[in-house]
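[1] Quick one: sequence plus predicted model below, questions after.
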Amino acid sequence: MVKILLASFIILFFSLNALCQRQAIDLNGEWKFAPDSLSKGETEFWFRKGLPADAYDVNLPYTWNTRPGLENYWGKGWYEKILEVPKEMKGKVLRLQFDGVYHDATIWVNGEYAGKHFGVGYTQFFVDISKLVKTGKSNRIVVLADNSASRSSIPFMKSFDWAHDGGIYRNVKLIVTDPSFIERVYVTAIPDLSLPGKGIVKLKMMAPERVISGKRTSITAEIREENQKTSDIVYSGNLKLKHNNPLEAEIILNNIRLWHFDQPNLYTITLKLNYKGKVTDSCSATFGFRTITIEGERFVLNGEKIRPGGIEWMPGSSLKNGMAETHEEMAANLSLMKGMNCIYTRFHWPQDEYVLDWCDRNGILVQEEIPYWGSSTEMNDTTIAIGRQYLDEMIAAHFNHPSLITWGIGNELRGHDPVFIKALNSLRDYARLKDSTRLVSYVSNSLGWLKSENPGLLPDATSNGDVMCWNDYTPTWYNYPIEKTLSILNNISAEYPGKPLVISEFGLCEPAFPGGDERRIRDVQFQIPTYGSQANIAGFIYFCLNDYRTHMGEDHTYGYPQRVHGIVDINLKKKPSYKVLQNLCSPLDITAITRNGPDITVQLRGKTGIPSYTVNGYTMDAGSEIIPIPTVKPGEEINVIIPVKAGVNKFAIHRPTGFEVLEIEF
């Protein structure tokens, strides 16, 4: 058994998500773990008696599918921790927060059933254990996780192309609050683009009914700049509450700074709840001011039409930790993405809070998706209900993140099937009902199936979203010459006139297709300019950053199969294609370099294909010289003069966030 004194925990105060946390007590670290391939645990009452003597010592977060001999195990696994809960917590609300258990979880405390979370393996959930905990005594927490292929979970059965890692693979915390508390705060930050600097902060606060309806309930708020050059307090005062369910309030601010992928300005709001004359709770949430809309065939960010380019990362590919990868491992992958000029990405399944926070702070636009994947997925009352639960829990956890611009409702399903079209339309409407501030999209692999070639074919489900998304594998999985790409794109444009299209995947999968990284380079050098030449294409996302762990993998070099799909290998070593993608995804072209006496003149042009957006606040670095680059709009040309000192033979362009855009030797 693992015995822990709560008094020894470091109490953490978080301001990274929509959850209001007062004491977030870290329950990671030492646990016991036992696989249960024979399903003996419940009949032998492991939840009451404890795990068997031969249980392993593990450190959470932990997935058993990285353990030698269990790499391909689909089944049940048990976790156990013994806690000493101080007497001082008597009368408090105690909730277990699980950031991710794949895909079914059943929880017991002191042998008593506490709660479950089934079929939704990638979202945060809570279990109230206040009535089961014995303060001043030992408490046994037992969790049964199950990653068996299931018809009542999403992903459906084995229809998904990533690792099937089971267990408690994300953080676990004990949330301790007064009974009068704010459960969550949803922040909608709306800039007034007609009056630069003005913004409205709309708050919705979930709380117990006695707090919401209480005449002696009041809340004070403080808003401070976050992730900016300054950290000034921009608001402090009492909120004028609307006692609805949830509680509502508005704050008007002046002199705000917008959130942008190159200027990721954030704000943190701290709320203090006064209930019956006593401060009973304090919590924080971080947010940003930005707008995202579609106009014609373009994304519009804060009033500017943009054509973003980027790349997808497949998390869970750490050979050591799998889906239980550390924050350091997450940051290493995300830094590689941003370093190759990624400002736009998608995730096939909901991510850890840390990932969205990183994208907020470093500037990547995100589409996060319900993990419906593949034509084998069934769409029925059960799976639709699970999809709605995903949306509920994704939106609850990630609503405040300005980097998140689109909810994705599925990938490569049966896009022309009337049953799927109806279901996806209902999920689209549900997402819009729950969150009207973001876009909604479905990702298709069948958009190239045309009515002109298939009489009676219904329009693809992706055409019903805010943006059409198409995975373009013309020269590989679709078995056409790469030169056919342009004619397919023209036909799509003709069948769906005026509808913006995102190329949501394109790339080369080895060893399924030959040619190696040399072919990967040739393909992207054809595809990216081709996409940029098409007026209806709003952006692209390359697939993918990394060679990745997946139960569908064709490469068996390691204990768990992988797909060799990346511009970095599974150990994050860059391939030659990384540099090629970095150059292709730069918003600037270098059109000329000339020497004028001791100086170098660099002529820059803002790209008009993909990517294209206004460049603002960039610098050019040559040795010790750092030269500001004037604002450059798409299609504009400027000259930058570098006073070159002896021995300097290269320069680099950097974003305001410090990430390299280009490096050129001369």
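    Alright, I've got the coordinates. A quick note: this is a predicted structure, and the numbers were derived from the prediction, not measured.
[2] Who is I627 paired with across the strands?
    M620 (DSSP bridges).
[3] ok, the spatially closest residue to N302 that is not a sequence neighbour - contacts?
    Closest residue in space to N302, ignoring its immediate chain neighbours: L258 at 5.1 Å, by Cβ to Cβ, 6 or more residues apart in numbering. For the C-beta atoms, the positions are set from N, CA and C on the backbone; glycine is no exception. Taking Cβ atoms under 8 Å, 6 or more residues apart in numbering, we find L258 in contact with P191, N265, G288, F289, R290, N302.
[4] Where do the strands of the stretch 101-250 of the chain begin and end?
    101-102, 104-109, 112-117, 125-128, 138-146, 167-168, 172-177, 184-191, 199-206, 217-226, 233-238, 247-253 (DSSP state E, counting those that start in this stretch).
[5] Neighbouring strands - and their directions - for the longest one?
    Read that as strand 217-226. Strand 217-226 has these strand partners (DSSP bridges): strand 233-238 (antiparallel), strand 266-275 (antiparallel).
[6] Among those, show me which one is buried the most.
    strand 266-275 (a mean of 21; mean count of other Cβ atoms under 10 Å).
[7] quick one: that one to chain centroid distance?
    25 Å (Cα atoms, centre = their mean, to the nearest Å).
[8] Could you tell me the angle between it and strand 199-206?
    On the basis of axes from the mean of the first three to the mean of the last three Cα atoms, to 10 degrees, strand 266-275 is oriented at 40 degrees to strand 199-206.
[9] ok, back up a step: output the strands paired with strand 217-226 in JSON lines, with mean pLDDT and distance to G553 appended to each entry.
    JSON lines is the format used below for those (pLDDT from 0 to 100; distance: least, Cβ to Cβ, whole Å):
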{"stretch": "strand 233-238", "mean pLDDT": "98", "distance to G553": "49"}
{"stretch": "strand 266-275", "mean pLDDT": "97", "distance to G553": "38"}
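[10] what does the average pLDDT come to for stretch 546-559?
    Stretch 546-559 comes out with an average pLDDT of 96.
[11] For the chain, which helix or strand comes out least confident on mean pLDDT?
    strand 11-12 (a mean of 32; mean pLDDT, DSSP states H and E).
[12] buried set for the next helix or strand after it?
    Following strand 11-12 in sequence order, the next helix or strand is strand 23-26 (DSSP states H and E). Within strand 23-26, the residues that qualify as buried by neighbour count (16 or more other Cβ atoms under 10 Å) are Q23, A24, I25.
[13] who's the second one bridged to?
    To tie it back to what came earlier, the one meant is A24. L12, I175.
[14] Name the nearest residue to L365, sequence neighbours excluded.
    Per Cβ to Cβ, 6+ apart, closest to L365 is Y344, 4.7 Å.
[15] And the pLDDT at that neighbour?
    Per the predicted model, pLDDT is 98 at Y344.
[16] Tell me how many other residues surround it.
    Neighbour count of Y344, defined by other Cβ atoms under 10 Å: 29.
[17] quick one: it from I25, how far?
    37 Å (Cβ to Cβ, to the nearest Å).
[18] cool, K116 as well?
    When K116 is compared with I25 (using Cβ to Cβ), they lie 22 Å apart.
[19] same deal with L404?
    For L404 relative to I25 (Cβ to Cβ), the value is 28 Å.
[20] need the helices for the stretch 251-400 of the chain, in chain order.
    Assigned by DSSP state H, counting those that start in this stretch, the stretch 251-400 of the chain shows helices spanning 327-339, 353-362, 381-398.
[21] now the stretch 1-150 of the chain
    46-49.
[22] Show me where it dips below the pLDDT cut-off.
    1-21 (pLDDT under 70).
[23] Which pLDDT value does the model give L450?
    L450 is given a pLDDT of 86.
[24] Would you agree it is in contact with N491?
    Yes - using Cβ atoms under 8 Å, L450 and N491 qualify as a contacting pair, with a distance of 5.5 Å.
[25] how far away is the residue sitting furthest away from the middle of the chain from F98?
    Computed with Cα atoms, centre = their mean, the residue of the chain farthest from its C-alpha average is G597, at 49.5 Å. As defined by Cβ to Cβ, G597 lies at a distance of 65 Å from F98.
[26] what does P529 give?
    From P529 to F98 the distance is 46 Å (Cβ to Cβ).
[27] So these two - more neighbours on which side?
    In terms of neighbours (other Cβ under 10 Å), F98 is the more surrounded of P529 and F98; the figures are 23 against 12.
[28] Let me see the contact set for that one.
    Going by Cβ under 8 Å, 6+ apart, F98 touches A105, H117, Q124, F125, F126, V127, I168, R170, V172.
[29] Generate a ChimeraX selection restricted to the buried entries among those residues.
    The ChimeraX command for the buried members of those (criterion: 16+ other Cβ under 10 Å) is given here:
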select :105,117,124,125,127,168,170,172
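[30] Show me which of the contacts of F98 is closest to L271.
    Distance to L271, by Cβ to Cβ, is smallest for F126 among the contacts of F98, at 19.0 Å.
[31] Nearest residue to M552 in space, please, no chain neighbours.
    Per Cβ to Cβ, 6+ apart, closest to M552 is D161, 5.0 Å.
[32] how close does the one you found get to G553?
    9 Å.
[33] So for D435, which of the strands paired with strand 217-226 sits nearest?
    Between the strands paired with strand 217-226, strand 266-275 lies closest to D435; by Cβ to Cβ that is 18.6 Å.
[34] quick check: angle from that closest one to helix 353-362?
    Using the same axes, to 10 degrees, strand 266-275 lies at 120 degrees relative to helix 353-362.
[35] can you give me the angle strand 266-275 makes with strand 247-253?
    Going by the same axes, to 10 degrees, strand 266-275 makes 140 degrees with strand 247-253.
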